[in-house]
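>>> Have a look; sequence and predicted model below, questions after that.
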Amino acid sequence: MVFRSGFACFVGRPNAGKSTLTNALVGSKIVITSAKPQTTRHAVRGIVTRADAQLILVDTPGLHRPRTLLGERLNDIVRTTLAEVDVIGFCVPADEKVGPGDRFIAAELAALRAPVVAIVTKTDSASRKQVAEQLIAVSRLGEFADIVPVSAVAGEQVGVLADVLVGHLPEGPLLYPEDVQTDNDTETRIAELIREAALEGVRDELPHSIAVTIDEIRLRENNPGITEVFATIHLERSSQKGIVIGHKGSRLKAIGTTARAGIGELLDTRVHLDLHVAVEADWQRDPKKLDRLGF
Ligand SMILES: Nc1nc2c(ncn2[C@@H]2O[C@H](COP(=O)(O)OP(=O)(O)OP(=O)(O)O)[C@@H](O)[C@H]2O)c(=O)[nH]1
């Protein structure tokens, strides 16, 4: 039997369903998903290990036209990632019209050497007729190695998509131990859990204004059964402080409760979470600050 191994990544405009699809393929929650666009900041890998193949998924932030410096950096990450993978999955949601964002991405992909599989996502949220029309519209966007409709939420065609992606991998050995599902470091995952909790129910353009850094993770001195996590939520403007902290700290408390549950599950231990809020004026446009915040 031939064993294949290699790297794949999903691209598509914000909210196209890339993270959810990665989770569905890997089978556990490793990538932060959110109804808000552009929540994925780090290239998180999900690993699918089967009898015949190992598929390493690199989840990338939304490829979009740069607006701020942060936008440009995200696109740099995307381009570097795209140059290194064996196959690219181009996600277009079934329930939204093909638009300029999709055409922009299709044009970027046409210049790459890796085969591109077009994926029509969220087929559960569209009628059969809409899905059929979307398959045709997407096929007109470029030259694709395959085109696959899929619903990550309903679990439809997820296995078919895995087979198609694996089919584009080169022959190769197991690259990661069988039981590993992600190699994204714990600290990054904890920061993402806090960021996800902080974004919940927050209005407007706030997603771009929040970054989270981990100051320290340690076992409690007199009780190693408890892990203490110290983290800072960075905001762009002091006016945003009220939104995040809430009346008498009520929202910050809720963020802590939600994030703590997620971190406890991740680390499989009891967690004490200490959250600090800091305002860094215009961190999105300042290269020094971006570096310090890990972008
Ligand atoms: N109905 C339905 N909704 C989906 C499906 N996949 C994703 N969604 C929803 O679409 C929204 C965006 O999904 P994500 O997976 O976060 O999208 P993304 O492309 O990773 O988004 P960014 O990280 O912002 O680029 C979420 O609200 C998901 O619940 C699907 O198969 N069916």
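Nice, thanks for sending it over. Residues are numbered from 1 along each chain as shown.
>>> For the stretch 1-150 of the chain, give me the ranges with low pLDDT.
Applying pLDDT under 70 to the stretch 1-150 of the chain flags residues 28-45, 59-74, 77.
>>> could you show me where the helices are in it, in order?
With DSSP state H, counting those that start in this stretch, the ranges of helices along the stretch 1-150 of the chain come out as 18-26, 69-84, 100-110, 128-139.
>>> same check, this time on the stretch 151-295 of the chain
Going by DSSP H, counting those that start in this stretch, the stretch 151-295 of the chain shows helices at 158-167, 186-199, 241-245, 250-267, 287-292.
>>> between these, which gets nearest to residue 149?
Nearest to residue 149, of all these, is helix 158-167, at 9.1 Å by CB to CB. Bear in mind the C-beta positions are built from the backbone N, C-alpha and C, glycine included.
>>> list the contacts for the spatially most distant residue from the centre of the chain?
Computed with CA atoms, centre = their mean, the residue of the chain farthest from its C-alpha average is residue 222, at 36.7 Å. With contacts defined as CB atoms under 8 Å, 6 or more residues apart in numbering, residue 222 has no neighbours.
>>> Would you mind giving the domain segments of the protein?
The chain breaks down by automatic domain parsing into domains covering 4-167, 186-292.
>>> Quick one: closest of these to the ligand.
domain 4-167 (3.3 Å; CB to the nearest ligand atom).
>>> what's the offset of the closest one from the middle of its chain?
11 Å (CA atoms, centre = their mean, to the nearest Å).
>>> Quick one: the domains of the chain as CSV, columns for distance to the ligand too.
Converted to CSV, the domains of the chain look like this (distance: least, CB to the nearest ligand atom, whole Å):
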stretch, distance to the ligand
domain 4-167, 3
domain 186-292, 8
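>>> what about the residue lying closest to residue 210 once chain neighbours are set aside, neighbour count?
Counting by CB to CB, 6 or more residues apart in numbering, residue 198 is the residue found nearest to residue 210 once chain neighbours are left out, at 5.5 Å. The local packing of residue 198 (other CB atoms under 10 Å) involves 27 other residues.
>>> Contacts only, for residue 170.
4, 5, 6, 86.
>>> could you redo the last one with a cut-off of 7 Å?
Contacts for residue 170 (CB atoms under 7 Å, 6 or more residues apart in numbering) come out as 4, 6, 86.
>>> Test my guess that residue 141 contacts residue 106.
Yes - here residue 141 lies in contact with residue 106, judged by CB atoms under 7 Å, at a distance of 4.1 Å.
>>> my guess is residue 81 meets residue 75, correct?
No - Residue 81 is beyond contact range of residue 75, at 10.5 Å (criterion: CB under 7 Å).
>>> if we can go back for a sec, what would the helices of the stretch 151-295 of the chain look like in TSV with mean pLDDT?
Output for those, formatted as TSV (pLDDT from 0 to 100):
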stretch	mean pLDDT
helix 158-167	96
helix 186-199	87
helix 241-245	88
helix 250-267	92
helix 287-292	66
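>>> Please identify the deepest-packed of those helices.
Mean neighbours per residue, mean count of other CB atoms under 10 Å, is largest over these for helix 186-199, with a mean of 21.
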